[in-house]
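Student: Pasting the sequence and the predicted model now:
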Amino acid sequence: MTFTTASYRANSKLARTNNDDLQTCLSSSLPFSIRTIYPCSTLANQNSSRYQCDHFNVNELSSVRGGRIAHFPAVIVYATDSNDVQNVVKCATKLNYIINARSGGHSYEGYCLGSIYNNIVINMEAINYIHINQYDGTGTFGAGARIGPIYYRTYQYNYTINAGTCAWMGLTGHALGGGQGFLGRLHGLLSDNILEMKAVNAQGELITINKTHEPELYWALRGAGGGLFVVVTEFKIRLVKPPSLVRHFSSTWYPNAAKLVMQRYQSLLFDDQISNFSNKLVLRMDVEKTHVEISILYFGIEFDEFIKTILLLLATVPTPNRINLYEQDWLTFVYKMSGIDDDSGDHRQLLLDRLTYPTYRFKAKHLFYDRPISSHSLDKFIDRLASGDGQIIMIFIPWDGYLSTIPVDETAFPYRHFKFGIQFIVRPNDEQHEKQQMNWLNQVYLAVYNDSTKHAYINYIDRDVPNWMNVYYHTHQQRLINIQHMRIKRGK
Ligand SMILES: Cc1cc2nc3c(=O)[nH]c(=O)nc-3n(C[C@H](O)[C@H](O)[C@H](O)COP(=O)(O)OP(=O)(O)OC[C@H]3O[C@@H](n4cnc5c(N)ncnc54)[C@H](O)[C@@H]3O)c2cc1C
């Protein structure tokens with residue numbers, strides 16, 4: 001059996017026309033109550049209660065809408081505990097199937113379903129327990145837990161996690177790829193706080209992975225992305241204290257001021273004055289065709305630095321067309337950033353109400369920068385942005401602060417010395433306009449590509465990048481390849 005990720009494809013020789021042996025193996029090793037759903041075309045007896053096929057809908061399992069998921073798994077297994085995962089892995093290894101685990105289903109390219117025909121998809125969603133140990137400040141989470149409920153539950157004990165902003169994304173894919181969020185400047189990536197994992201290896205053994213037990217896997221699984229080496233079933237994570245308050249200042253300009261504002265944002269990031277500012281401060285910029293917005297966020301109650309930064313920003317830019325200033329408690333902030341616009345305050349209820357999470361028709365690209373974008377490239381960028389129709393958004397986020405003080409070889413995440421990243425996202429309204437919008441996205445991305453480091457963040461995975469190992473792993477690629485080779489040699 002091989003564990004696959006984005007491009008660990010190959011093995012098309014494994015494609016089969018008949019999965020009878022798999023059906024037999026799974027039905028003899030899994031409890032009767034475990035849902036295993038097959039494509040109807042592969043079942044001899046479609047009415048058998050043992051072999052279900054009528055709910056086989058792979059598209060429902062991915063948050064990505066659109067035609068990018070073009071292959072069919074042999075089976076979807078709904079695991080309820082690590083035992084089920086072990087049994088599925090044993091069948092897969094015996095019969096030479098590829099396995100892909102699916103936790104939150106939020107991979108940008110639908111990779112929770114793999115990328116190869118006739119694989120086995122293990123849906124981990126039911127393994128979603130959340131245990132908080134308030135005495136030692138750690139949390140133990142089943143691999144199928146989603147970020148939103150974790151934010152909610154930890155907050156009840158006056159803790160939180162330093163994770164990203166979408167409440168519905170899965171903990172597992174997010175943490176394995178790094179996990180970047182608003183507290184990154186203060187507490188690093190979510191993967192920096194992983195203390196231990198439980199996982200099923202290719203032999204079907206349940207192993208513990210930490211600093212002393214399987215140290216190479218412990219290194220690799222913190223930042224190299226999901227779908228590699230093992231199926232993770234559980235995380236133990238060091239929790240952090242939630243900010244006592246979130247102060248938020250946002251200022252918006254119309255496109256005629258775009259260049260000046262973008263230059264100001266970058267000069268603030270690269271300016272010594274700002275980089276010496278506390279890690280409680282985050283400067284984010286959103287660029288769209290219709291406007292540019294800079295947000296200054298402060299995670300704490302102090303006023304001085306927050307106000308000083310606002311004044312610094314506004315000193316050399318045209319007067320904004322709109323400004324907004326507000327403060328929120330941490331949980332409200334997290335849910336607002338997830339796009340939950342409800343003031344009822346019962347955030348848990350909102351999550352429970354939305355058992356079916358939203359799906360998105362989008363395509364994204366990402367680039368890291370270690371110097372400001374040149375004036376010439378900004379002109380090109382603004383010009384190309386104006387040339388398309390529809391919704392395209394560029395999100396500029398700093399990747400410095402505490403995150404960059406952790407030694408680069410501490411975990412597999414290789415990009416601790418870059419100043420900021422840009423995420424380029426297009427959201428086509430329908431299939432018809434998808435091609436045209438993708439082309440627009442490419443044009444805008446290419447305008448500032450040469451100014452970038454040409455590296456990107458694996459959690460914003462993009463199947464179109466050339467030389468993906470270098471783009472996502474840079475100096476860590478050889479170590480990751482060695483780990484893969486060692487495991488194959490040891491049969492794990
Ligand atoms: C709306 C949205 C907002 C986002 N916001 C942020 C953000 O703020 N910050 C950020 O850093 N990222 C963000 N992301 C990216 C997100 O971190 C990744 O897409 C992440 O992979 C999602 O994890 P998942 O478990 O939902 O994904 P899945 O699609 O289930 O899995 C992703 C990958 O991990 C593998 N995998 C899943 N489960 C396991 C397992 N148990 N063991 C081993 N491998 C496994 C899958 O096979 C797949 O390759 C966002 C994504 C979306 C769609």
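Tutor: Noted; the coordinates are in hand. Numbering: from 1, shown residues only.

Student: what sits against Phe362?
Tutor: Neighbour list for Phe362: Val64, Tyr108, Ile425, Val426, Arg427, Pro428 [criterion: C-beta atoms under 8 Å, 6 or more residues apart in numbering]. The way it works is simple: take the backbone N, C-alpha and C, and place the C-beta from them, glycine included.

Student: quick one: it from the ligand, how far?
Tutor: 8 Å (C-beta to the nearest ligand atom, to the nearest Å).

Student: Against Arg490, how distant is that residue?
Tutor: 40 Å (C-beta to C-beta, to the nearest Å).

Student: before we move on, what about Val287?
Tutor: Where Arg490 is concerned, Val287 sits at a distance of 48 Å (C-beta to C-beta).

Student: Which of these two has more residues huddled nearby?
Tutor: Using other C-beta atoms under 10 Å, the more surrounded residue of Val287 and Arg490 is Val287, with 25 against 10.

Student: re earlier: next step: the contacts of Phe362 restricted to strands.
Tutor: Counting by DSSP state E, the part of the contacts of Phe362 found in strands is Ile425, Val426.

Student: Going through the contacts of Phe362, which ones are buried?
Tutor: For these, a burial check counting by 16 or more other C-beta atoms under 10 Å picks out Val64, Tyr108, Ile425, Val426, Pro428.

Student: Return the distance of the residue nearest to the first one when sequence neighbours are not counted relative to the ligand.
Tutor: Same thing as Val64. Leaving aside its sequence neighbours, Val64 sits nearest to Gly110 (C-beta to C-beta, 6 or more residues apart in numbering; 4.7 Å). Gly110 sits 7 Å away from the ligand, going by C-beta to the nearest ligand atom.

Student: give me phi/psi at Gly110?
Tutor: Dihedral angles of Gly110 (phi, psi; degrees, to the nearest 10) stand at phi 70, psi 30.

Student: Can you check the pLDDT for it?
Tutor: In this model, Gly110 is scored at 90, pLDDT.

Student: Could you do Ala6 as well?
Tutor: We have a pLDDT of 34 for Ala6.

Student: Next to the ligand, which bits of the stretch 101-250 of the chain? Give me the list.
Tutor: Contact residues, the stretch 101-250 of the chain versus the ligand (C-beta under 6 Å from any ligand atom): 101-108, 111-112, 124, 143, 164-166, 169-170, 172-174, 176-181, 226-227, 231-232.

Student: 5 Å instead, please
Tutor: Residues of the stretch 101-250 of the chain found near the ligand (C-beta under 5 Å from any ligand atom) are 101-107, 111-112, 124, 143, 164-166, 169-170, 172-174, 180, 226-227, 231-232.

Student: Which of those fall in strands?
Tutor: Ala101, Arg102, Val231, Val232.

Student: need the contact list for the third one.
Tutor: Residues touching Val231, when contacts are defined by C-beta under 8 Å, 6+ apart, comprise Phe3, Val85, Val89, Ile99, Ala101, Ile122, Met124, Ala143, Ala199, Val200.

Student: Now do the SS call for Tyr415.
Tutor: Here Tyr415 is recorded as coil under DSSP: H, G, I helix; E, B strand; the rest coil.

Student: Now stretch 86-101: buried residues?
Tutor: Across stretch 86-101, burial judged by 16+ other C-beta under 10 Å covers 86-93, 95, 97-101.

Student: In the stretch 201-350 of the chain, which residue sits closest to the ligand?
Tutor: Nearest to the ligand, among the residues of the stretch 201-350 of the chain, is Gly226, at 1.8 Å (C-beta to the nearest ligand atom).

Student: hang on, that residue packs against Ser107?
Tutor: Yes: assessed by C-beta atoms under 8 Å, Gly226 is found in contact with Ser107 at 7.3 Å.

Student: Looking at these two, which is more packed in?
Tutor: Shown here are Gly226 and Ser107; by other C-beta under 10 Å, Gly226 has more neighbours (29 against 26).

Student: Can you read off the pLDDT for that one?
Tutor: On the pLDDT scale, Gly226 is placed at 95.

Student: Likewise for the one 5 residues further on?
Tutor: pLDDT for Val231: 98.

Student: State the distance from Tyr254 to Asp329.
Tutor: Counting by C-beta to C-beta, the gap from Tyr254 to Asp329 is 32 Å.

Student: ugh, typo on my part, it should be Tyr369
Tutor: Distance, Tyr369 to Asp329, using C-beta to C-beta: 33 Å.

Student: which one of these two has more residues nearby?
Tutor: Tyr369 (21 against 14).

Student: tally of neighbours for Arg322?
Tutor: Around Arg322 there are 11 other residues, counting by other C-beta under 10 Å.

Student: give me the beta-bridge partners of it?
Tutor: Taking DSSP bridges as the rule, Arg322 bridges to Thr252.

Student: Which of the contacts of Phe362 sits closest to the ligand?
Tutor: Tyr108 (5.4 Å).

Student: For the nearest residue to that closest one once chain neighbours are set aside, grab phi and psi.
Tutor: Once flanking residues are discounted, Tyr108 sits nearest to Ile461: 5.1 Å by C-beta to C-beta, 6+ apart. Here is the backbone geometry of Ile461 (degrees, to the nearest 10): phi -60, psi 140.

Student: How much space separates Ile461 from Gly491?
Tutor: From Ile461 to Gly491 the distance is 29 Å (C-beta to C-beta).

Student: higher neighbour count, these two?
Tutor: Each of Ile461 and Gly491 has its neighbours counted (other C-beta under 10 Å); Ile461 has more, 26 against 9.

Student: Show the pLDDT at that one.
Tutor: As predicted, Ile461 sits at a pLDDT of 95.

Student: That one touches Cys112, doesn't it?
Tutor: No: using C-beta under 8 Å, Ile461 makes no contact with Cys112, being 11.2 Å away.

Student: And the helices in the stretch 251-400 of the chain?
Tutor: Under the criterion DSSP state H, counting those that start in this stretch, the stretch 251-400 of the chain contains helices at 258-270, 272-275, 304-315, 330-337, 347-353, 375-386.
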